[in-house]
Structure formats: C-alpha cells, structure tokens
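*Asks:* how would this look folded up:
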Amino acid sequence: MRTIKQQHRAINAPIADLVTYRALPTASVEYIDPFLFLNHHGPQVYRPNNNGLPFGPHPHRGFETVTFILEGDILHKDTGGHESVINAGGIQWMTAGSGLVHAEVSSEQFKQAGGPLEILQLWVNLPAKDKMVAPRYIGLQQEEIPTVTLEGGVVVHAVSGEWAGTAGAVQPLADVALAWLELPAGSRVALPVAAERNIFFYVVRGTVQVNGAEAKARQLVEFNHDGDELALAADEEALLLLGHALPFGEPVVSYGPFVMNTEAEIQQAYRDYQSGAFGAWKG
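*Replies:* This is a model prediction of the structure:
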C-alpha cells in the first residue's frame with residue numbers, strides 16, 4: 001500500500017455569496033502534477049429568484065477544466081459555439097487548448113426556483129505538445145457516465161480512464177483517469193494504482209480511512225510513490241473525488257486563467273486574448 005506524504009486542508013475562499021473551499025493550490029501544496037487546481041463550491045441552498053453562479057465570460061488557455069455537478073446545474077457557453085445545461089450527476093469537460101472564452105452560470109430554471117448546489121471544478125494540465133490544440137467541450141448528463149459497483153457496494157462513476165474494466169465516458173488527450181466514488185457506510189475496497197502515477201484524492205463528504213489513515217471531508221491526500229494499492233474503508237457514507245495520472249514533469253507557469261510552460265507563452269496568451277483570437281463573445 002502507498003504511504004501518505006501529507007494531508008492538506010481546503011481553505012475557505014468564498015466567491016460573492018457562493019460557498020467555496022479551495023483544495024488546490026494552498027499554502028501547503030502548489031499542485032499534484034498534472035492536477036493543478038480544485039474549487040469545491042457548496043454545499044448550500046439557493047433561495048428562489050437568485051443570481052446563480054457568478055462565473056460570467058472569461059478566457060482560458062493551456063489546460064482542461066473538469067466540472068462535477070453534484071447538486072444544482074450549470075449552463076455552459078463558449079466562443080467555440082458549445083452550449084448546454086448539465087444537471088446534478090453530470091460533468092463538463094472543457095479543453096481550453098489554444099484558447100476560448102466561456103461562461104459557467106446557472107440555468108434560468110435554477111435561478112427562478114433555487115435549490116441545493118454543490119460543484120467541484122478541477123483544472124488538469126495539458127502537456128506542452130497539446131497546449132495549443134483546438135478547444136473542445138463535452139457535457140454529459142448523469143445517465144451518460146458509466147458506473148461500476150465494486151465490493152461493499154462502492155459505486156464508481158467513471159469519467160475517464162479505466163475503472164475495474166469499465167472505460168470512462170471521456171477519452172482525454174493525456175492518460176488521466178478521473179472518477180467520483182460513493183462509499184456506503186461499512187464499505188471496504190482496494191483499488192490498484194501503479195506506483196509511478198500521481199494520485200489526486202479529495203474527500204468531498206464523510207470520512208474515509210485510506211491505507212490506515214483517516215481523511216475527513218474537504219481534505220486532499222497526497223501520496224508517496226512506494227506502493228500500488230489504495231485500501232479504502234468508510235464507517236459512514238462518503239463521497240470521494242479520485243484521479244491518477246503519470247506526471248508530465250514539465251515547467252508549469254500559470255497566471256490568472258492561463259497555464260503554459262514559459263512566461264513568454266503567458267504574455268502571448270494575453271496578447272492573443274486582447275486581440276480577439278479567442279473568439280468573439282456573443283451574449
């Protein structure tokens with residue numbers, strides 16, 4: 001079993017009236033290559049006639065955003081012509097690549113009716129060779145994401161990669177496996193992860209025992225590369241965001257909404273955005 005390098009507590013970082021905890025980066029961890037950033041929004045309940053999510057049009061280049069809608073919904077729209085509303089249980093996988101402008105807001109229905117909201121947004125880096133690929137967007141509802149039930153009734157929602165022989169719904173450019181796991185109270189399960197791969201392990205709800213250590217809600221667990229198994233146990237219901245990938249081992253230079261390999265590339269990204277190369281926003 002892998003030993004634990006360190007546990008990191010997500011920090012409270014509210015955005016307007018949106019409850020937000022940032023798990024990555026924090027003072028104790030910058031990134032876990034190629035996983036760059038995680039915001040945990042909610043859980044909270046919006047009143048009727050609310051303003052919804054505050055993420056109006058903004059640019060990105062050089063990485064991918066993977067958004068897990070646990071409660072509520074998100075209306076995605078971008079300058080590549082993509083638009084969809086994804087509901088609870090669904091995901092949005094956007095490859096920013098060479099650059100685009102997008103907005104992530106609540107649907108008109110959610111703004112009128114209100115209701116519970118909980119969302120995870122993860123930024124995944126792109127290798128240097130893919131940073132300038134054409135942008136793409138994949139929005140999937142809950143029923144479009146394969147699930148596999150493991151021992152103890154643990155349910156894996158397979159977003160990408162392979163989980164117990166089940167292929168994930170998305171085939172990413174890089175070999176990145178992502179899933180969220182529902183662990184019933186009293187469940188026990190062992191998961192193989194090759195020792196050379198970096199693990200992204202974030203407890204969304206509940207408390208999980210992993211390789212003999214306790215990890216609580218809003219904790220990110222960082223592992224050493226000294227084993228190839230995760231042994232999980234949950235004495236209460238728990239929800240876990242789990243990913244793994246080979247580290248890219250490339251320079252990471254990020255500034256605002258851009259993630260590249262050099263300062264010069266960041267400066268070029270700003271010039272390209274300001275010149276309109278990311279496309280014209282049509283509200």
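*Asks:* Every contact and neighbour count from this point should use C-alpha atoms.
*Replies:* OK.
*Asks:* Okay, now the unreliable bits of the stretch 101-250 of the chain?
*Replies:* Residue ranges of the stretch 101-250 of the chain with pLDDT under 70: none are present.
*Asks:* which residue sits closest to the residue most central in space within the chain, ignoring its sequence neighbours?
*Replies:* Nearest residue to the geometric centre of the chain (C-alpha atoms, centre = their mean): Leu122, 2.5 Å. The spatially closest residue to Leu122, leaving aside those adjacent along the chain, is Leu38, at 4.5 Å (C-alpha to C-alpha, 6 or more residues apart in numbering).
*Asks:* residues near Ile32, how many?
*Replies:* As a burial measure, Ile32 scores 19 neighbours (other C-alpha atoms under 10 Å).
*Asks:* What values do phi and psi take at it?
*Replies:* phi -120, psi 90 (degrees, to the nearest 10).
*Asks:* Same question for Trp163.
*Replies:* phi -130, psi 110.
*Asks:* List the contacts of it.
*Replies:* Val148, Val156 (C-alpha atoms under 8 Å, 6 or more residues apart in numbering).
*Asks:* which strand residues sit across from it in the sheet?
*Replies:* Beta bridges link Trp163 to Thr166 when assigned by DSSP bridges.
*Asks:* Can you give me the distance of it to Leu18?
*Replies:* Trp163 sits 33 Å away from Leu18, taking C-alpha to C-alpha, to the nearest Å as the criterion.
*Asks:* Also Leu24?
*Replies:* 17 Å.
*Asks:* Ok, Gly72 next?
*Replies:* 13 Å.
*Asks:* Neighbour count: these two, which is higher?
*Replies:* Counted by other C-alpha under 10 Å, Gly72 and Leu18 do not tie: Gly72 has more neighbours, with 23 against 19.
*Asks:* pretty sure the more buried one is touching Phe110, no?
*Replies:* Yes - assessed by C-alpha atoms under 8 Å, Gly72 is found in contact with Phe110 at 7.2 Å.
*Asks:* which phi and psi does the residue nearest to Asn211 when sequence neighbours are not counted have?
*Replies:* Leaving aside its chain neighbours, Asn211 sits nearest to Ala231 (5.1 Å; criterion: C-alpha to C-alpha, 6+ apart). Phi and psi for Ala231, reported as degrees, to the nearest 10, are phi -100, psi 110.
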